[in-house]
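*Asks:* sequence unavailable; structure follows:
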């Protein structure tokens, strides 16, 4: 089964290791199966208007990011903010350890069954933490 993964990135090359998923500068889209990987696109983040009074976890920010990434099945990041509770209703959310996209793709491929199983749970899904 092929799934579309959106990786959070600040530099457009490696995984964002310092900011929440929704605060990334870019999202790198890949179609991944257990045996194949295809890079689809690098999408520059839509900058959502935020006032200083809006805090992390704002529902309108989650809606905007959800719409911006609507063609993804799985969101991948080192760090998710409080909006993970909203995003997980539309996407599977995977936390990874390495800044290397290649290493994370290998880990995803090795754990594709777990990711698909969690994705199928719909709004009852939980986030996954991949360590290998």
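*Replies:* Cool, got the structure. This is a predicted model, so every value here is computed, not measured.
*Asks:* ok, residue 83 - how many residues close by?
*Replies:* Neighbour count for residue 83, taken as other CB atoms under 10 Å: 21. Just so you know, the C-beta spots here come from the backbone N, C-alpha and C atoms, and that holds for glycine as well.
*Asks:* so where is this protein shaky, pLDDT-wise?
*Replies:* 47-59, 132 (pLDDT under 70).
*Asks:* in the chain, which residue is closest to the centre?
*Replies:* The structure's the chain has its C-alpha centroid closest to residue 75; by CA atoms, centre = their mean the separation is 1.8 Å.
*Asks:* helix, strand, or coil at that one?
*Replies:* Following DSSP: H, G, I helix; E, B strand; the rest coil, the label given to residue 75 is strand.
*Asks:* I figured it hits residue 95, correct?
*Replies:* No - between residue 75 and residue 95 there is no contact under CB atoms under 8 Å: 9.7 Å.
*Asks:* count of neighbours near the residue lying closest to residue 83 once chain neighbours are set aside?
*Replies:* Once flanking residues are discounted, residue 83 sits nearest to residue 62: 4.2 Å by CB to CB, 6 or more residues apart in numbering. Other residues near residue 62 come to 21 when the count uses other CB under 10 Å.
*Asks:* in the helix or strand hosting residue 62, what's buried?
*Replies:* Residue 62 belongs to helix 59-68 when assigned by DSSP states H and E. For helix 59-68, burial by neighbour count (16 or more other CB atoms under 10 Å) applies to 61-62, 64-66, 68.
*Asks:* nearest to residue 15, of these?
*Replies:* residue 65 (16.8 Å; CB to CB).
*Asks:* ok, the residue nearest to the closest one when sequence neighbours are not counted - contacts?
*Replies:* Excluding its sequence neighbours, the residue lying closest to residue 65 (CB to CB, 6+ apart) is residue 22, at 4.9 Å. Neighbouring residues of residue 22 by CB atoms under 8 Å, 6 or more residues apart in numbering: 61-62, 65, 81, 83.
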